[in-house]
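Peer 1: Predicted model follows, preceded by the sequence.
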Amino acid sequence: MDTLNKTYIRQLYQENEPIPVLHIIKSLGRGGAEMLLPETLRQHDKQKFKFHYIYFLPWKNQMVSAIEKEGGTVVCIRAKNNASILLAVRKIVAYVRKHNIQLIHCHLPWAGMAGRLVGRLTGVPVVYTEHNKWERYHKATYFLNKLTFSIQQKVVAVSAEVANSIKINYAKARPHVQVVANGADTLKYDRAQAIGNDIRKELNIPSTATVIGITCVFRAQKRLHTWLEIAHALHAKHPDTFFIIVGDGPLRDEVHAKAKTLGTDKYVFFAGLQTETRPYFAAMDLFMMSSEFEGLPIALLEAMSMNCVPVCTAAGGIPEVIKDGVNGILVPVQQPMQLVDRLSQLLQEPDKVAQMKKAARETVINSFSMKKMVTELEGIYNDLINK
């Protein structure tokens with residue numbers, strides 16, 4: 001950081017003015033990385049930091065109002081594709097200079113590439129959060145992300161698994177990679193609080209039935225076709241089991257067609273895209289994921305915070321959260337259908353389900369709270385700004 005910026009920061013401290021921080025992200029839709037932004041903003045020290053947000057895809061804007069509600073400033077610099085995000089660098093540079101931005105925090109590769117170039121041109125320090133394993137990136141994304149990776153001061157990995165992926169694929173000591181695990185707001189996501197609509201009643205699901213659900217974007221990595229096959233097989237063994245899928249996405253038509261083929265309409269309910277997911281978590285007993293790969297899913301942590309037992313494939317950072325047989329169930333990524341037998345056995349042990357519900361929430365409170373995550377992020381911000 002140059003002398004002029006250091007002088008400006010000292011002035012902000014002396015005048016008790018918040019330090020401007022800019023988040024850069026490709027979109028503000030309902031993906032996991034995007035949904036973290038209003039949640040972290042809610043808990044940040046707004047007397048110390050003022051947050052700005054730049055995104056590029058105007059049709060993916062579901063998080064904009066939530067960020068603005070928490071006091072963030074949001075600007076869309078329209079880009080029609082990944083390449084045009086890089087062409088927006090000059091506009092971002094102008095924004096950084098106009099608003100005296102003192103730290104840039106980027107999320108996901110293409111926003112990361114743009115942010116690194118902005119940091120190089122302005123002298124503003126850059127921190128980048130890696131939300132996924134590198135092995136899953138498209139070849140062009142992988143190459144350009146790696147090519148520009150050194151042009152930043154700090155990297156945050158959302159799980160140890162993601163950090164290890166960076167180590168394997170980048171294999172350089174700088175920039176330093178620090179694990180800051182994703183978190184959930186355990187006060188907001190609390191089953192004991194009044195949450196709103198009674199979803200079971202709305203869907204005519206008996207209060208004594210077992211409900212298994214998921215909230216996600218309908219992408220290939222979630223393997224919702226497999227999820228439905230698990231639901232179909234489990235319902236055949238346990239007819240008093242119902243399923244709720246909350247979300248939407250590019251594979252919506254295919255997923256609905258699969259459900260129709262399986263004939264699941266009487267026990268699998270599609271809730272669509274929901275901005276408020278807590279009533280749905282409150283209706284669930286278990287939260288099931290059959291993913292092929294993950295970083296560290298936010299929805300999983302939110303569900304666990306609301307006492308939903310997680311039953312998942314051991315994808316990405318999920319095994320860092322779930323201890324098989326203690327606070328949930330894990331099966332190999334390559335064998336998601338094992339969830340049928342594991343669930344069938346668990347549903348015959350209601351006392352164990354109750355114990356796991358309690359253990360799931362305790363896990364999030366103790367190790368994956370939003371408060372812990374924000375405290376660690378602000379520590380990184382302070383270190384970079386004061387260098």
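Peer 2: Sure thing, it's come through. If you're wondering where the values come from, they're calculated on a predicted model, not measured in any experiment.
Peer 1: Can you give me the domain assignment for this structure?
Peer 2: 3-183+369-386, 199-367 (automatic domain parsing).
Peer 1: Which helix or strand contains His105?
Peer 2: According to DSSP states H and E, His105 maps onto strand 103-107.
Peer 1: what sits up against that strand?
Peer 2: Strand 103-107 is contacted by residues 19-26, 33, 96, 112, 114-116, 118-119, 124-129, 131, 152, 381, 384-385 when judged by CB atoms under 8 Å, 6 or more residues apart in numbering. Heads up, the C-betas are built off the backbone N, CA and C, glycines and all.
Peer 1: ranges for the helices of the stretch 1-150 of the chain?
Peer 2: 3-14, 32-43, 64-69, 82-86, 89-98, 109-122, 139-148 (DSSP state H, counting those that start in this stretch).
Peer 1: Just want the angle from the fifth one to strand 103-107.
Peer 2: If I follow you right, that is helix 89-98. Relative orientation of helix 89-98 versus strand 103-107 (axes from the mean of the first three to the mean of the last three CA atoms, to 10 degrees): 140 degrees.
Peer 1: wait, which of the helices of the stretch 1-150 of the chain is closest to Pro175?
Peer 2: With CB to CB, the closest approach to Pro175 among the helices of the stretch 1-150 of the chain belongs to helix 109-122: 10.0 Å.
Peer 1: Sort out which residues of the closest one are buried, please.
Peer 2: For helix 109-122, a neighbour-count test (16 or more other CB atoms under 10 Å) marks Pro109, Trp110, Ala111, Gly112, Met113, Ala114, Gly115, Arg116, Leu117, Val118, Gly119, Thr122 as buried.
Peer 1: packing partners for it?
Peer 2: Other helices and strands packing on helix 109-122, by 3 or more CB pairs under 8 Å, 6 or more residues apart in numbering; DSSP states H and E, are strand 19-25, helix 82-86, helix 89-98, strand 103-107, strand 126-130, helix 139-148.
Peer 1: Let's have the helices of the stretch 1-150 of the chain in TSV, adding mean pLDDT.
Peer 2: Shown next, in TSV, are those (pLDDT from 0 to 100):
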stretch	mean pLDDT
helix 3-14	56
helix 32-43	94
helix 64-69	97
helix 82-86	95
helix 89-98	98
helix 109-122	98
helix 139-148	94
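Peer 1: looking at those, which is buried most?
Peer 2: helix 109-122 (a mean of 23; mean count of other CB atoms under 10 Å).
Peer 1: circling back to that earlier point, please convert the buried residues of helix 109-122 to a markdown table, extending it with distance to Glu229.
Peer 2: Output for those, formatted as a markdown table (distance: CB to CB, whole Å):
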| residue | distance to Glu229 |
| --- | --- |
| Pro109 | 32 |
| Trp110 | 34 |
| Ala111 | 35 |
| Gly112 | 36 |
| Met113 | 38 |
| Ala114 | 40 |
| Gly115 | 41 |
| Arg116 | 42 |
| Leu117 | 45 |
| Val118 | 45 |
| Gly119 | 46 |
| Thr122 | 51 |
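Peer 1: gap between the strand or helix carrying Asp253 and the chain center?
Peer 2: Here Asp253, judged by DSSP H and E, is contained in helix 252-262. Chain-centre distance of helix 252-262: 25 Å, with CA atoms, centre = their mean, to the nearest Å.
Peer 1: related to what we said a few turns ago, neighbouring strands - and their directions - for the strand holding His105?
Peer 2: Strand pairing for strand 103-107, using DSSP bridges, gives strand 19-25 (parallel), strand 126-130 (parallel).
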